[in-house]
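Undergrad: Return atomic coordinates for the entry below.
(3 chains)
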Amino acid sequence: MNKGVAITGMGIISAIGNNVAENFQSLIESKKGISRISKIDTIHKNDIMVGEIDYTNSQLEQLLGLSPDNNFSRTGLLGTVAAKEAVAHAGINDINKYKTGLISATSVGGMDMTEKFYYQYLENNTNHKYIEGHHAGDSTQKIAEQLGIEKSLITTISTACSSAANAIMLGARLIKSGQLDRVIVGGSDCMSKFTINGFKTLMILSDTYNTPFDENRKGLNLGEAAAFLVLESDTVVKAENKTVIAYVKGYGNANDAFHQTASSDHGDGATLAMEKALQVAGYTANDIDYINAHGTATGNNDLSEGRAIIRVFGENVPEFSSTKAYTGHTLAAAGAIEAVYSILALQNNVIYPNLNYKTQMKEFNITPQLEFKEKTLKTVMSNSFGFGGNCSTVIFSKEQ
Amino acid sequence: MNTNYKITSYCHIKNSKVSLNGSVIFSEQLLDFPEFIKAAYKSQDTKYPKFFKMDNLSKLAFLAADILLKNENLNLEETNNIALVFSNKASSLDTDRSHQKAIQHKDNYFPSPAVFVYTLPNICLGEISIKYKLYTENSFFIFDHFNAKHLLTYTNSLLDTNKAESVLCGWVEFEGDHYEAFLYLVSNEGNIEHNKQNIITLYNT
Amino acid sequence: MEALKQELKENIIEQLNLEDMTAADISDDDMLFGDGLALDSIDALELIVMLDKNYGIKLTDPKEGRAIFESINTMAAYISEHRSK
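TA: Numbering: from 1, shown residues only, chains lettered A, B, ... in the order given. Down below sits the predicted model:
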């Protein structure tokens, strides 16, 4: 059996809370973070609902103590808040004491500022500082600077909505192969007109609360969020006498090889990702106690993912639920958000209800967990599937 | 760690030229990128109408991959365990701009779904996977510059842990007038040692 | 009606990047999806944008498109009846 990689800290900011404790409280109280959009003036504001974070950019800047001439995008701001919480949670005082890397996932990057100032850039140079901050790697660099990480592996993964799951996978591998002693992995994506309008053209945005795995689901709600985990080698854990909160036990990535954006009818890529993750963990399907599903509430995803779960688990599908009804779909950050939720489930032996569900899907007879449930959990599987057919699964465990 | 992997083959598309293993197989000056890549595609006799629906980055990546994989004479009836590890600097910026233009004006607001789906760099990996039925691991990294060390480490790790039998990796960049693809296949077969120096040398060829 | 059908064929070829095809290659009753022109779900969404942009017809549910986009004949009939520009 393969050994898991130790997780020693986590941090998160999402529509249901500004830190780990607030997120957990909302999850167990079935408190959704979905509302009408308030921070972006979009022509779609009456047609969509989103998972927004309460803080304004200037509040976040203040919270982080940034100087007024900073050029952080909201992606960078959210990412820094979550990454700092993770590092503090892991009890790290001197980040460069061990070889520490940062792998951050994003798809929006600095788009929020670019779209705000696109035309103003041509008229005057007031906001030119944000041009430098546009590219996808910029938020990662800024988070690294804020954490004080020097001269190490700092990279950005951009594989759509599976990005953060892939960041966790890469981080675990870098620890296992001894390339790094410690790595902070996760992702950040803020709300932008760019994504709102794009998903609108694909006609997969719900005009009301999203309803994962419901027969009458109308599509997804976009959300903004950031979350990070701290992974550390066994040597560091031992030397520093660290408390391990869970392990990254398995991971798998596969391509669906079907369509640019749509998932295949029977979830070929999703099935392979789950099977690969089980294999890396040295588990069989029976070893999984709860699945935190991708469950975006689009017609296509939930059918394809549900069928893939049946292909992998057969008659014995464990409890599963999607937490997208709480947070919305947080795109490149989703894998990290749901990693934090999976670890909280393990720590507290709870399963979160799949909110907003009313009607059984007619294509199969599996039903998500509808009520808050206490159950002794040893393992949790988390799925993240992205455009481009990029399908990822990560398995978290209590035991190494 | 096994360090005996080889660079089996490599392909460049840049400066109005397409080359395979260092030999120019297509060259056409005076054309802008859309015309150039279309002419290069036609020269390869790949019958794949979907090519014309792709964005510039996907066309560039797809053609380079197609040339390399065609050269391998894969049996598409079988499972080919070839992982994809790509990188670039500009992500999907070229297509992001097109989408941005379409949503900027209220009075002429017609964003195109066919454009939006390409506003992610990893969609080109999906296109290659669809054509060659690759249900394999794939990832896309954004770096400031070509990062041979990262590609080397990641590829060796995939091969060492039997996640893939071979890995198609490299750099595909499309930004403004600049285009550059450098893809190479790593496996147990071939004459070029898979090491950092050789990757850099071939990249600069 | 014939002029509209011709216009639709030309626009479809242009909008959906159907390389090496001419309007003459598309028959009025050819299946646009499935076995015919083998268009996919993104093409269907592009056709919805085209209805809006060229004819002022707004569809809100992509499922509505299925019957409308069956062939050039069905598209032309729907557009004639519902167009606002």
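
Undergrad: Could I get the CA-only coordinates of the helix or strand of chain A with the lowest mean pLDDT as PDB?
TA: Across the helices and strands of chain A, the lowest-confidence element by mean pLDDT, DSSP states H and E is helix A:120-123, at a mean of 90. In PDB, the C-alpha atoms belonging to helix A:120-123 read as follows (Å, rounded to 0.1, in the frame of the first residue of the first chain):
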ATOM      1  CA  GLN A 120      -9.300  53.300 -19.300                       C
ATOM      2  CA  TYR A 121      -5.900  51.900 -20.000                       C
ATOM      3  CA  LEU A 122      -5.900  53.600 -23.400                       C
ATOM      4  CA  GLU A 123      -7.100  56.900 -22.000                       C
END
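
Undergrad: Could you find the closest non-adjacent residue to the residue most central in space within chain B?
TA: By C-alpha atoms, centre = their mean, chain B has its centre lying nearest to residue B:61, at 3.0 Å. Leaving aside its sequence neighbours, residue B:61 sits nearest to residue B:124 (C-beta to C-beta, 6 or more residues apart in numbering or on different chains; 3.8 Å). The C-beta positions use only the backbone N, C-alpha and C, and glycine is treated the same way.

Undergrad: From chain C, how far off is that neighbour?
TA: Applying C-beta to the nearest C-beta, to the nearest Å, the value for residue B:124 to chain C is 15 Å.

Undergrad: ditto for residue A:362
TA: Residue A:362 is 15 Å from chain C, where distance means C-beta to the nearest C-beta.

Undergrad: That residue against residue A:214, yeah?
TA: No - judged on C-beta atoms under 8 Å, residue A:362 makes no contact with residue A:214 at a distance of 11.1 Å.

Undergrad: Among the two, which residue is more densely surrounded?
TA: Set side by side, residue A:362 and residue A:214 show more neighbours around residue A:214, with 19 against 8, by other C-beta atoms under 10 Å in any protein chain shown.

Undergrad: hang on, that one in a strand?
TA: No - counting by DSSP: H, G, I helix; E, B strand; the rest coil, residue A:214 is not part of a strand but coil.

Undergrad: Excluding chain neighbours, what is closest to it?
TA: residue A:357 (5.0 Å).

Undergrad: tell me the contacts of the one you found?
TA: The contact partners of residue A:357, taken as C-beta atoms under 8 Å, 6 or more residues apart in numbering or on different chains, are A:211-214, A:367-368, A:370.

Undergrad: Contact residues of chain B facing chain C?
TA: By the rule C-beta under 8 Å from any C-beta of the partner chain, the part of chain B lying against chain C is B:49, B:51-53, B:110-114, B:117.

Undergrad: try 7 Å
TA: Neighbours of chain C within chain B, by C-beta under 7 Å from any C-beta of the partner chain: B:49, B:52-53, B:110, B:112-114, B:117.

Undergrad: Rebuild the residues you listed as CSV, extending it with secondary structure.
TA: Formatted as CSV, the residues of chain B next to chain C follow (three-state DSSP):
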residue, secondary structure
B:49, helix
B:52, helix
B:53, helix
B:110, coil
B:112, coil
B:113, helix
B:114, helix
B:117, coil
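
Undergrad: Can you report how many residues neighbour residue B:48?
TA: Residue B:48 has 14 nearby residues by other C-beta under 10 Å.

Undergrad: quick one: contacts for it?
TA: With contacts defined as C-beta atoms under 7 Å, 6 or more residues apart in numbering or on different chains, the neighbours of residue B:48 are residue B:131.

Undergrad: Recalculate using a threshold of 10 Å.
TA: Taking C-beta atoms under 10 Å, 6 or more residues apart in numbering or on different chains, we find residue B:48 in contact with B:41, B:54, B:62, B:66, B:127, B:130-131.
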